[in-house]
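Student: This is a predicted model, with the sequence first.
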Amino acid sequence: MEEERERGITITAAATQTQWDWAGQTHTINIIDTPGHVDFTIEVERSLRVCDGLIALLSAVEGVEPQSETVWRQADRYHIPRLVFVNKMDLPGADLEDVVNQIRKRLGARPLPVQIPIGQEEFFQGVVDLISKKAFIWEEEEWKEGPIPAHLHIQVKAARLEMLEILAENDEGLYSKIYEAPDLIPEAAIREAIRKATAAQLVVPVFCGSAYKNKGIQPLLDGLCAYLPSPADMGAVKGQIPGTEETVSRPLQAGEPFAALVFKIAHDEQRHKMAFFRVYSGQARRGQAVYNPRNGRRERLTNIYQMNGGKHNAIWEISAGDIAALGGVKDVATGDTLCDETNPIVLESIPFPEPVIAMVVEARHSRDLDKLKEALQHLEEEDLLHRRGG
């Protein structure tokens, strides 16, 4: 948005998709970037409803801010496993240890640092991975792997032992090994223990770096693939048969009946209505009709787009686990379920907080009435708060 570029902040949630190679496989990652300002917290709420994992971005200088606590509580309500990325490690006042303590005290979480920084503030160079015991050094945009710097050996050994002790609290297999031969524990065993503890929300792995200088991002993406659950790990989605209280479940499989949840309505630069949705089961192709239980109408999938920020690329098919946008929709609202008409289901909708401010908007001139009406109608479609608050 033009307003976002002017102010240098995020106002509306934006979706994109990328691929990342890890452990010999190419992983597809659907990313929803959400605002950090309290005024736009509803964008976080509706995005969390369709996410399987969360990367909480904290500043190494400011630490845990009030809005960080709000977002953390929102994620708690949806029971979402999460990672923490401590950003701005290259700025004056950066202090990773202090931020880790704030995570523990202010968020009530169990932080699990899996890295320690090499240098700090203007001398920040990279990180040491406590699992593989390797150092990653960045020079401009390039990064290289190497041995642990000599002056960090003692610190790395102590931090790694502390990490293993936290994991051993929930993994009996590690408990005896960390005191017998902690250096001989296989990397795969440690990563599996972290993955299980993260999925159970017993720990929160902590990474660090400088996003502006692209330092620490590659290990973070490795950690995303290694520790956060994929859609397949989340199990079947539950909903109700329309008009009844009977609960049904749908496995995340392409062969199941189609079911998707609309989590956001937006309008593109040409003022065309776009419905962002997450597919929970089944698959559908362009031109296929799906059913909206809220109004009992069919909605044809005329234009399906894979979103990439402000750009949208047309695609022919969507499948379980995908996040996409539907163009040319008519009567579709945030929280609606789109499903197979012969196997209808209503997925859990999205809660909206009560508005705290009421406002009257008037046109200066009568000739502007039609434009004002259109703008308010778009606003109402995009933000259901206005529909409830007047």
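Tutor: Okay, I see it.

Student: for the spatially closest residue to residue 345 that is not a sequence neighbour, what are its contacts?
Tutor: If you skip the residues right next to it in sequence, residue 345 has residue 239 as its closest partner in space, 4.2 Å away by CB to CB, 6 or more residues apart in numbering. Placement of C-beta: from N, CA and C, glycine included. Residue 239 is in contact with 247, 248, 249, 250, 259, 337, 345, 346, 347, 348, counting by CB atoms under 8 Å, 6 or more residues apart in numbering.

Student: would JSON lines of those with distance to residue 79 be doable?
Tutor: Listed next are the contacts of residue 239 as JSON lines, based on distance: CB to CB, whole Å:
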{"residue": "247", "distance to residue 79": "18"}
{"residue": "248", "distance to residue 79": "21"}
{"residue": "249", "distance to residue 79": "17"}
{"residue": "250", "distance to residue 79": "19"}
{"residue": "259", "distance to residue 79": "20"}
{"residue": "337", "distance to residue 79": "21"}
{"residue": "345", "distance to residue 79": "21"}
{"residue": "346", "distance to residue 79": "21"}
{"residue": "347", "distance to residue 79": "16"}
{"residue": "348", "distance to residue 79": "13"}
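
Student: Please produce a markdown table containing those, extended by pLDDT.
Tutor: As requested, the contacts of residue 239 are exported to a markdown table (pLDDT from 0 to 100):
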| residue | pLDDT |
| --- | --- |
| 247 | 91 |
| 248 | 91 |
| 249 | 90 |
| 250 | 90 |
| 259 | 94 |
| 337 | 93 |
| 345 | 94 |
| 346 | 93 |
| 347 | 91 |
| 348 | 85 |
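
Student: Would you list the buried entries among these?
Tutor: For the contacts of residue 239, a neighbour count by 16 or more other CB atoms under 10 Å gives the buried set as 248, 250, 259, 337, 345, 346, 347.

Student: Restricted to strands, list those residues.
Tutor: Restricting the buried ones among the contacts of residue 239 to those inside strands, with DSSP state E as the criterion, leaves 248, 250, 259, 337, 346, 347.

Student: Would you agree the fourth one is in contact with residue 293?
Tutor: Yes: under the criterion of CB atoms under 8 Å, residue 337 is in contact with residue 293, at a separation of 5.8 Å.

Student: Give me the common contacts of these two.
Tutor: Residues touching both residue 337 and residue 293 (CB under 8 Å, 6+ apart) are 345, 346.

Student: Now do the end-to-end distance for stretch 214-232.
Tutor: Between the opening and closing residues of stretch 214-232 we find a distance of 30 Å, counting by CA to CA, to the nearest Å.

Student: neighbouring contacts of that stretch?
Tutor: 20, 22-23, 27, 29, 52-53, 55, 81-83, 85, 89-90, 114-115, 124, 126-127, 129, 136, 138, 141, 143, 191, 194-195, 198-199, 205, 207-211, 252, 320-321.

Student: How far off centre is that stretch?
Tutor: Going by CA atoms, centre = their mean, to the nearest Å, the spacing between the C-alpha centre of stretch 214-232 and its chain's C-alpha centre is 11 Å.

Student: Buried residues, that stretch. List them.
Tutor: Taking 16+ other CB under 10 Å as the basis for neighbour counts, the residues of stretch 214-232 that come out buried are 215-217, 219-228, 231.

Student: And the helices in this protein?
Tutor: 2-7, 41-48, 66-77, 96-106, 153-168, 172-175, 177-180, 187-199, 217-227, 369-382, 384-389 (DSSP state H).

Student: Distance to residue 147 and mean pLDDT added to these, as CSV?
Tutor: What follows is the helices of the chain, written out as CSV (distance: least, CB to CB, whole Å; pLDDT from 0 to 100):
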stretch, distance to residue 147, mean pLDDT
helix 2-7, 43, 69
helix 41-48, 40, 76
helix 66-77, 35, 89
helix 96-106, 21, 96
helix 153-168, 10, 93
helix 172-175, 25, 76
helix 177-180, 23, 76
helix 187-199, 16, 93
helix 217-227, 16, 95
helix 369-382, 52, 76
helix 384-389, 54, 45
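
Student: Measure how buried residue 109 is and give me the count.
Tutor: When counting by other CB atoms under 10 Å, one arrives at 20 neighbours for residue 109.

Student: which ones are touching it?
Tutor: With contacts taken as CB under 8 Å, 6+ apart, residue 109 has the following neighbours: 72, 103, 204.

Student: let's go with 10 Å and repeat that
Tutor: Each residue near residue 109 by CB atoms under 10 Å, 6 or more residues apart in numbering is listed here: 56, 64, 72, 76, 82, 84, 103, 201, 202, 203, 204, 206.

Student: Which residue ranges make up the domains of this protein?
Tutor: Domain assignment for the chain, taken from automatic domain parsing, gives 53-229, 236-354, 355-390.

Student: Would you mind giving those as a markdown table with distance to residue 13 added?
Tutor: Formatted as a markdown table, the entries for those read as follows, by distance: least, CB to CB, whole Å:
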| stretch | distance to residue 13 |
| --- | --- |
| domain 53-229 | 12 |
| domain 236-354 | 6 |
| domain 355-390 | 11 |
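
Student: nearest to residue 34, of those?
Tutor: Between residue 34 and the domains of the chain, the shortest separation by CB to CB is 7.9 Å, and it involves domain 53-229.

Student: and that closest one, how far out from the chain's middle?
Tutor: On the basis of CA atoms, centre = their mean, the separation between the geometric centre of domain 53-229 and that of its chain is 17 Å.
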